[in-house]
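# Build the 3D model from these lines:
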Amino acid sequence: MKAIRQIRWGLALLPVLLACESYEMPPIIPQTGAALSSPSPGSTLVLTNEGAEEVIEFQVTSADFGMEGTVTYSIEMDLAGADFSDPVELGSSTSNIIEVVTQDINDALIAKGVLPETAAETEFRVKSSINQPLSPIYGEVVTLSITPFAAFVDYPLLYVPGDYQGWNPGNESTTLKSVNFDEVYQGYVHILPGGSGEFKVSETNEWVDGKNYGDNDGDGDLDPDGANIKVEEFGTFYMEVNLEAMTYSLSDPLYWGVIGDATEGGWDSETKMQFDSENNVLTLTTDLTTGNFKFRANENWDYNYGGADGDLTAGGADIPVTEAGNYTITLNFNNPEKVTYTLTQN
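Predicted coordinates for the structure are as follows:
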């Protein structure tokens, strides 16, 4: 009886096995990405300040998704050898011509650390997307040699109005900047004694419903039109906002001052700096003697800056004072990639 049952099971499975042998896989639809055709591979571009507002036309070949639909082409750029780990999207179009302003290319290169007047090997690729449930496809990488010009980088801004600066979203000094031209903004917020410690972030330079963000629960998540963000301690905070994830973070506060044998407190104690809300800098007017000084925070040498010619580096050299007198000193964190200072005799 057991053998008969096994024979019956075998006969029942036979049609299934035969069907499996004749089953044909669905055809694979070949897809072809778009490529940059102009400027041609290996071209050299020398950007100039005079031509900053000029438009450069990037021409691309057509992508083939194997089906009908509207295709959008986007130009992405990164430095050669970076494997597009942090690409910058320069522009997009549904046609085969993408217009990019020269200034935008220049800003992106400077933001990536390319020195002005220095040629840099730069890679471009075309991302093609279609209004169908298909993933984007990328074309071949093209390398161009591009020389940027010296200019102030016009980073995208996120405004930080608060009690510390008069709740003014139009103050373009009190902002965070997107140094990678993406949805992540970073910079410093100076909230010193004398106020409530409350502030918000805003996508616009005026109060617009749904475009300003607070934190209803104090959990680091941003809420549109939410409650004011509030700090309990005062000082200078490094802040990072991710508008894609709708999150923010704040560092521990640092209270900056000057220290050195040229200052009132010598090398033993800091002379505290105050906040200039209009220019978003720390400032101090004080008498200095001949000697040296540095910037230090929280009475801790882990946080000190020194340097020369207005540029500062962490742990940098002492700043000399060659003539005694009354001076105004500023400490400027407005550029999140570069800390600067001024020393002006009154």
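
# Could you count how many residues lie near the residue lying closest to Trp256 once chain neighbours are set aside?
Closest residue to Trp256 apart from its sequence neighbours, by CB to CB, 6 or more residues apart in numbering: Ala297 at 4.7 Å. For every residue, glycine as well, the C-beta is placed using N, CA and C. Residues contacting Ala297 under the criterion other CB atoms under 10 Å number 22.

# OK, contacts around Ala297?
Gly235, Thr236, Leu254, Tyr255, Trp256, Gly257, Glu270, Tyr303, Asn304 (CB atoms under 8 Å, 6 or more residues apart in numbering).

# What is the nearest of these to Ile29?
Thr236 (56.1 Å; CB to CB).

# What's opposite the closest one in the beta bridge?
Thr236 has these beta-bridge partners by DSSP bridges: His190, Leu254.

# isn't it right up against His190?
Yes - using CB atoms under 8 Å, Thr236 is in contact with His190, at 5.0 Å.

# which residues are in contact with both of these two?
Common neighbours of Thr236 and His190 (CB under 8 Å, 6+ apart) are Leu282, Phe333.

# Distance of Leu282 relative to Thr289?
Separation of Leu282 from Thr289 (CB to CB, to the nearest Å) stands at 21 Å.

# More neighbours: which of those two?
Leu282 (25 against 15).

# Report the contact partners of the more buried one.
His190, Thr236, Trp256, Met273, Gln274, Phe275, Asp276, Thr330, Leu331, Asn332, Phe333.

# Direction included, what does the strand or helix carrying it pair up with?
Secondary structure assignment for Leu282, by DSSP states H and E: strand 281-288. Strand 281-288 sits in its sheet next to strand 274-276 (antiparallel), strand 325-335 (antiparallel), going by DSSP bridges.

# For Ile105, which of those strands is the nearest?
From the strands paired with strand 281-288, taking CB to CB, the stretch that ends up closest is strand 325-335, at 19.8 Å.

# so for stretch 162-172, what's the average pLDDT?
Stretch 162-172 shows a mean pLDDT of 94.

# So what's the residue count around Ile97?
Neighbour tally, Ile97, other CB under 10 Å: 11.

# just Ser85 next, same as before
8.

# Ala108 belongs to a strand, doesn't it?
No - with DSSP: H, G, I helix; E, B strand; the rest coil as the criterion, Ala108 is assigned helix and is not in a strand.

# Quick check: it touching Met77?
Yes - counting by CB under 8 Å, Ala108 touches Met77, with 6.3 Å between them.
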